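# Predicted structure and sequence below. I'll ask about it afterward.
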Amino acid sequence: MSTEAERQVMHQGLKILARMIAQVYLKDMARSKEIEIKEKEMPIKGVTEVIRLPRLGKIRLGLKRESSEGFTYPVPTDYFVCPDEVRRVFGDKPTELQIMLPTEEPRQWASQYLKCYSAYRGLICRGDGETAVARVDIRTGRIATHKDLETELREITCDPKTCAYYESGRCKRVMNLQFLIPRCPGFGVYQLDTSSYHSIVNVNSMLELIQSVCGRLSMIPLSLKLVEKEVEVEGRKKMVRVLFLSAAYTLAETQKLARMAPSQSLLLPPPDSEAPDDLFPDEVIGKDKTRLEDGVTENELIELWDRAKTKVWHLDIRDHQIRRWFEKHCHIEAELDDFNSPLPPSKFSAEGLKRFLKAVQRDVAY
């Protein structure tokens, strides 16, 4: 055994080593606790701070009816057609809704595109005036019809000046407006679709004004109205109902509310692909005035054809209905795909188109 002095030195060394181990352990515990606290405080960027809002329902601009011929068609209303929970707050036939816009990104809640719809496939093309994504036939590359079996989504050139679908009225500008209704129960957005040029211009103009006055768009109380307006269509004046967006309070009150901090990021659902209730106009006028065999001008025949196409796509008339009606009343073989043509096929006469229009418009007039 070593001397007493050596034993004391060894004992002292062990004590020092034990203290060092204890200090390291305590430091590790403290560091682990600090990391745990920071992990609780630090979210995943781009995920934790985002709230995904559901779509609670649709606000519509018309009702669907069925004619005596079995055709369904939308009838415009002078009020917003709302879900039950909205009617309980604003009444059965409201012309004004109190709304808020959810974020500072208009592209999220005011989507605006040129869109073309098919009764068989729904949305078949969406473009911005330069490029579009369309459902096309894989073999031919043309816009798909109900006959095409192998199709795909493909990026194509979008030019309204040369597009037969745009010229015939089947492709139209569409705004999908999504907004909050604070007075209604639930957390989410409602969607309203319109293809009205005047409605889209009204909404865009007011958004720009609100942005310039308040410095922001989100969570400011606004009023969305359906108002009557005189417009000119193909050189003729007519009364239509359009959307109008305005501040729900005075300018001073609105600016005061705008100084309040907006909410955190909200992730909205993408707009659905349903066709708007006001999608197509009633007339698209041709130009040539050459008189045809049955006494009408080519201009008049093209006008009849475009009106018939408008009704077919707007009223969601099906292929079997087209076949049955034209076989029974005009003794010709017609199909839904015929109405993709910018010009009337030779088998369609002016008299037959007039009878067809009268049949589908009979209940509309009522």
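That came through fine.

# all strands of this protein, in order?
For the chain, applying DSSP state E gives strands covering 51-52, 55-66, 72-81, 96-99, 110-118, 122-127, 131-137, 151-157, 171-179, 189-194, 222-233, 236-247, 266-267.

# TSV please, covering those and showing mean neighbour count, mean pLDDT and distance to V89.
Backbone N, C-alpha and C define where each C-beta goes, glycine included. Rendered in TSV, the data for the strands of the chain read as follows (neighbours: other C-beta atoms under 10 Å; pLDDT from 0 to 100; distance: least, C-beta to C-beta, whole Å):
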stretch	mean neighbour count	mean pLDDT	distance to V89
strand 51-52	11	68	23
strand 55-66	17	87	13
strand 72-81	16	84	12
strand 96-99	20	94	9
strand 110-118	20	89	23
strand 122-127	20	89	31
strand 131-137	18	91	38
strand 151-157	13	91	40
strand 171-179	22	92	14
strand 189-194	23	93	12
strand 222-233	15	88	14
strand 236-247	16	88	19
strand 266-267	16	52	22
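
# E333 - nearest residue in space that isn't next to it in sequence?
E327 (6.7 Å; C-beta to C-beta, 6 or more residues apart in numbering).

# Okay, that neighbour and E335: tell me how far apart.
Relative to E335, E327 is positioned 10 Å away (C-beta to C-beta, to the nearest Å).

# circling back to that earlier point, neighbours of the residue nearest to E333, how many?
Other residues within reach of E327, judged by other C-beta atoms under 10 Å, total 12.

# Wait, it touches Q321, no?
No - counting by C-beta atoms under 8 Å, E327 does not reach Q321; the two are 10.9 Å apart.

# what about P102, distance to F179?
Distance, P102 to F179, by C-beta to C-beta: 7 Å.

# Need the overlap of contacts for these two.
Jointly contacting P102 and F179 under the rule C-beta atoms under 8 Å, 6 or more residues apart in numbering are 109, 189.

# Next up, the contacts around P185.
E85 are the contacts of P185 under C-beta under 8 Å, 6+ apart.

# quick thing: my sequence starts at 6, can you match it?
OK, 6 is where the count begins now, so the last one is P190.

# Does D343 touch G357 like I think?
No - the criterion here is C-beta under 8 Å, and D343 misses it with G357 at 12.0 Å.

# what do those two both touch?
Common contact partners of D343 and G357 (C-beta under 8 Å, 6+ apart): none.

# Kind regards, and thank you for your time.
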